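**Q** sequence first, predicted model second:
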Amino acid sequence: MAEVSGHRPAATTAPVLVYEKRLRTGQLISVWRGDLTTQDTDVVVNAANEHLEHIGGLALALVEAGGQQIVQESKMLISQRGVLAAGDIEVTSAGTLPSKRIVHAVGPRWSEGTAAQCKAQLRQAIRKVLEYMSSQRDLSSVAIPAVSSGIFGFPLDLCASIIVEVVVGHCQTEHVSRLKEIRLVNHDDKTVQAMKSACEQVLGTSDTLSGAAASSAQAWHQGASSQMTSSLTVNGLNLHLKTGKIEEEKVRVFKKYNEFSGHVTCVRVIM
C-alpha cells in the first residue's frame with residue numbers, strides 16, 4: 001500500500017518524549033512525537049510558504065487551532081513587506097494556541113541542482129528563528145518542526161542533520177542565555193526517528209528519561225519500527241510504503257489549484 005503525503009495534522013494523542021540532552025551550556029534539547037498546536041513552549045515554528053498562506057499541512061493546523069487572528073496578521077505582514085524569500089522568517093501572535101507567538105520560517109524547495117543553496121537557506125531559516133528567540137527577553141522555549149522536509153521535498157535525514165547542527169551550534173555561543181529549551185517536534189514516526197538519530201550523532205545518547213517517559217519512548221520505538229517499511233521523495237512528494245490492510249485505512253483527498261504554477265496539486269492523505 002502506498003501513501004503520498006506532506007505535513008498533516010497530528011493525531012490527538014499524548015506527546016511522547018523520545019530523546020533529551022542537557023548541554024553543558026544549560027539548554028535542554030529534546031525530540032518529541034507530538035502535535036505542534038498543543039505545545040506549551042513560548043514559541044512554535046511554522047513551516048511557512050513565501051506568501052504566508054496557511055492553506056495546508058502544519059500551517060493550516062496552526063490556524064485552525066489558533067484562529068483567524070494568525071491569518072489576518074500574516075496578510076498584513078505580506079502587504080507591508082512583500083513576499084518572503086527562502087530563509088526568511090516573520091512573527092505573528094499565536095492566537096488561542098498555548099504559545100505566545102508563532103515564528104513563520106520559510107524553508108527552501110529542494111532541488112538537486114541547487115542543493116548547496118537549499119542547505120544554506122535551511123540553515124539561515126533555523127538560525128534566524130534562534131536569533132529571534134535570543135533577542136526577546138520574554139521567550140525562553142521553542143518547538144521546531146522539520147522545516148522543508150514535507151511537500152518542499154528536502155531530504156529528511158539531511159534536513160534533520162542541518163536543524164540539529166544549527167541548534168547545537170547556536171547553543172554553544174555566548175549570547176543565548178535566555179534560550180533554555182529547544183524541542184524538535186513532529187507528528188510522524190519517520191521524521192521523529194530522523195531527528196532522534198541526528199541528535200544522537202551530534203550529541204550522543206539521550207540522558208536517562210524518567211520512568212513514564214522511558215516507557216512511552218520504548219512503546220513509540222516499537223510501534224514506529226513496525227509501521228514504516230520504505231520511503232522516497234519524488235518531485236517534492238513523500239512516498240511511503242506501508243504494510244497493512246487497505247480496507248482498514250481512512251483516506252482523505254485534498255485538491256488545490258496553485259495560482260502561481262498553474263498546476264492542480266492533489267494530495268492523498270491516509271489517516
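**A** Yes, it's here.

**Q** where does the prediction get shaky in the stretch 1-150 of the chain?
**A** In the predicted model of the stretch 1-150 of the chain, residues 1-12 satisfy pLDDT under 70.

**Q** can you give me the helices in it?
**A** Counting by DSSP state H, counting those that start in this stretch, one finds helices in the stretch 1-150 of the chain at the ranges 57-66, 68-81, 115-135.

**Q** from what I can see residue 146 touches residue 160, true?
**A** Yes: if you go by CB atoms under 8 Å, residue 146 and residue 160 touch, sitting 6.3 Å apart. Any C-beta I mention is one placed from the backbone N, CA and C, and that applies to glycine too.

**Q** what residues do these two have in common as contacts?
**A** Each of 191, 194, 195 lies in contact with both residue 146 and residue 160 under the rule CB atoms under 8 Å, 6 or more residues apart in numbering.

**Q** how about a markdown table for these, with pLDDT and secondary structure added?
**A** What follows is the shared contacts of residue 146 and residue 160, written out as a markdown table (pLDDT from 0 to 100; DSSP: H, G, I helix; E, B strand; the rest coil):
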| residue | pLDDT | secondary structure |
| --- | --- | --- |
| 191 | 97 | helix |
| 194 | 98 | helix |
| 195 | 98 | helix |
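
**Q** most neighbours among those residues, please name it.
**A** residue 195 (30 neighbours; other CB atoms under 10 Å).

**Q** state the distance from that residue to residue 64.
**A** Distance from residue 195 to residue 64, counting by CB to CB, to the nearest Å: 24 Å.

**Q** in the stretch 151-271 of the chain, where is pLDDT below threshold?
**A** For the stretch 151-271 of the chain, applying pLDDT under 70 flags the ranges 174-177, 210-271.

**Q** returning to that earlier point: between the shared contacts of residue 146 and residue 160, which is closest to residue 56?
**A** When the shared contacts of residue 146 and residue 160 are ranked by distance to residue 56 (CB to CB), residue 191 comes first, at 16.7 Å.

**Q** for the closest one, give me its contacts.
**A** 146, 149, 156, 160.

**Q** and the second one, how many residues sit next to it?
**A** Other residues near residue 149 come to 30 when the count uses other CB under 10 Å.

**Q** same check on the third one?
**A** The local packing of residue 156 (other CB under 10 Å) involves 23 other residues.

**Q** with residue 157 instead?
**A** A count of nearby residues for residue 157, using other CB under 10 Å, gives 16.

**Q** any idea how far it is from residue 198?
**A** Distance, residue 157 to residue 198, using CB to CB: 7 Å.
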